[in-house]
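**Q** Structure of the sequence below:
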Amino acid sequence: MTWPNFKQKKQTLIRRLINPNLRFWIIIPLLILFVLIVLALGFSYLSTGQIPPTLLVISIISFAAFIGPGLFVTRHVVRRIEKIIRAAEQVAQGNLAVQIEDESEDEIGQLVQSFNNMVKNLDHLQRSGDLLSRTMSPAVRQSLLEKGLDFRGITQVVSVLFIDIRDFTRITESHHNTEQLIFFLNDYYTTIANQVHSGGGIIGKYAGDSILAFFGAPAPEPASKSSTAALLTALALEDAIEEMSERWGVLGLPPIQVGMGLSIGPVVAGPIGTEQQFEYTIIGDAVNLAARLQALTRNVDGYDIILSLEAYEALEQRVKNQIQVVSSTAYDEMDEKERARRPVLFVDLGEVLVKGKRGPVHVYGIPDYRNEPAGRLTSRRIGQPGRHQRERVPN
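**A** Residues are numbered from 1 along each chain as shown. Just a heads-up that it's a prediction; the model follows:
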């Protein structure tokens with residue numbers, strides 16, 4: 001044996017003596033019993049000069065009676081504990097399907113039962129967490145983990161984006177395959193959710209073909225940041241919906257077009273429902289206004305996105321620098337080439353009456369450039385630094 005190997009074995013022996021395992025605690029009493037038997041036989045020999053046969057037989061039988069079952073019990077117990085250790089190592093590696101078979105009712109059997117129940121609960125929690133991650137945005141999930149479930153709600157300023165498919169009834173009536181319609185809606189929801197989450201927003205509610213999204217909660221954000229994020233998300237959605245429309249057009253669905261309304265204002269944000277079933281969403285006047293502005297896109301031809309004056313004014317300056325605001329009259333007088341030469345256009349639609357508001361609401365529209373590719377407004381275009389300053393073209 002080389003010196004390094006001897007040193008390593010010595011260190012292993014020292015560690016085992018310092019941190020004894022189950023075998024140690026069973027073997028040591030047997031060794032003590034063996035020593036006592038030897039001492040008893042030795043004293044008897046010193047006293048009488050001989051070892052009585054009866055004492056020798058009793059000593060051998062006693063030692064055998066202890067060491068045989070002792071070693072058997074040790075081996076049996078250690079094997080069961082090692083099985084638990086191996087299972088625990090699998091759980092630590094992420095395997096939550098492991099279960100230990102042990103139907104005994106002793107203490108180790110109870111330990112095994114507790115271990116199996118623990119793994120089942122961990123598996124349930126992981127499945128619940130996976131489901132939660134699919135139904136909630138990372139921001140909401142993190143907020144609930146940190147602060148718990150608070151049904152009081154918090155009032156804060158957010159940017160609201162309301163999205164709705166135009167002529168959805170026409171789509172459903174033109175396609176009688178219900179399974180395919182479900183796939184279509186799931187694809188639509190997924191497309192919207194991916195863009196909203198990428199923009200830092202949250203899906204507050206799915207209602208048929210309508211979707212409520214918001215930016216700036218649960219973690220408060222400056223109005224400029226949330227409004228800009230909502231606008232860029234709306235623009236990105238136009239591209240994503242167009243790609244989706246091309247995919248489903250192959251299957252016979254008519255072109256998909258959405259209308260979007262964008263507003264900003266104070267809302268109450270929080271979990272709405274019960275502890276058993278709830279959704280993290282928002283309620284307030286800004287939500288109603290966004291829904292009304294979305295509905296307005298159906299009545300004002302040529303605009304997929306309509307936003308309130310407050311939402312426009314809250315945009316970051318770097319974005320405003322790329323926007324040219326024109327009046328609706330000036331926009332109508334432009335031909336296709338003129339519109340294509342312009343930078344990013346917002347059309348001032350003036351004040352309009354919307355349901356639920358006492359007075360008129362000043363709104364802006366983003367033209368639908370579907371038929372004018374050269375002037376197509378995209379999130380990539382508006383998101384890049386530009387040199388164009390805001391200007392108002394007179395009527």
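
**Q** where's Gly199 relative to Leu235, distance?
**A** Using Cβ to Cβ, to the nearest Å, we find Gly199 at a distance of 10 Å from Leu235. Using the backbone N, CA and C atoms, a C-beta is placed for each residue, glycine as well.

**Q** So between those two, which is more surrounded?
**A** Leu235 (25 against 22; other Cβ atoms under 10 Å).

**Q** And the helix or strand harbouring that one, what does it pack against?
**A** In this structure, Leu235 sits in helix 223-249 according to DSSP states H and E. If contacts are counted by 3 or more Cβ pairs under 8 Å, 6 or more residues apart in numbering; DSSP states H and E, helix 223-249 sits against strand 154-165, helix 178-198, strand 210-215, strand 258-273, strand 303-308, helix 309-313, helix 317-320, helix 379-382.

**Q** Let me know how buried Glu101 is, in neighbour terms.
**A** 7.

**Q** now Gly350
**A** Other residues near Gly350 come to 13 when the count uses other Cβ under 10 Å.

**Q** what comes up buried for the host helix or strand of it?
**A** Taking DSSP H and E as the criterion, Gly350 maps to strand 344-352. Using 16 or more other Cβ atoms under 10 Å as the test for burial, strand 344-352 gives Val344, Leu345, Phe346, Val347, Asp348, Leu349, Val352.

**Q** Asn321 versus the fourth one, what's the distance?
**A** The gap separating Val347 from Asn321 is 18 Å, by Cβ to Cβ.

**Q** try the fifth one
**A** Using Cβ to Cβ, one obtains 17 Å as the distance from Asp348 to Asn321.

**Q** that older thread, would you mind saying which of the helices and strands packed on helix 223-249 lies nearest Ala92?
**A** The minimum distance between Ala92 and those falls on helix 178-198, with 31.2 Å, by Cβ to Cβ.

**Q** what residues does the closest one touch?
**A** Applying Cβ atoms under 8 Å, 6 or more residues apart in numbering, the contact partners of helix 178-198 are 137-138, 161, 163, 165, 171-172, 175, 202-203, 206, 209, 211, 213, 233, 236-237, 240-241, 244, 247-248, 251, 253, 256.

**Q** Report the backbone C-alpha coordinates of that helix in CSV.
**A** These are the backbone C-alpha positions of helix 178-198, laid out as CSV (Å, rounded to 0.1, in the frame of the first residue of the first chain):
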residue,chain,number,x,y,z
THR,A,178,-65.6,23.4,-34.2
GLU,A,179,-62.3,21.6,-33.4
GLN,A,180,-60.5,23.8,-36.0
LEU,A,181,-62.1,26.9,-34.5
ILE,A,182,-60.7,25.9,-31.1
PHE,A,183,-57.3,25.5,-32.6
PHE,A,184,-57.7,28.9,-34.3
LEU,A,185,-58.6,30.6,-31.0
ASN,A,186,-55.8,29.0,-29.1
ASP,A,187,-53.4,30.1,-31.9
TYR,A,188,-54.8,33.6,-31.7
TYR,A,189,-54.5,33.7,-27.9
THR,A,190,-50.9,32.3,-28.1
THR,A,191,-50.0,34.9,-30.7
ILE,A,192,-51.4,37.8,-28.6
ALA,A,193,-49.9,36.5,-25.3
ASN,A,194,-46.4,36.0,-26.8
GLN,A,195,-46.3,39.6,-28.0
VAL,A,196,-47.8,41.1,-24.9
HIS,A,197,-45.4,39.2,-22.6
SER,A,198,-42.5,40.1,-24.8
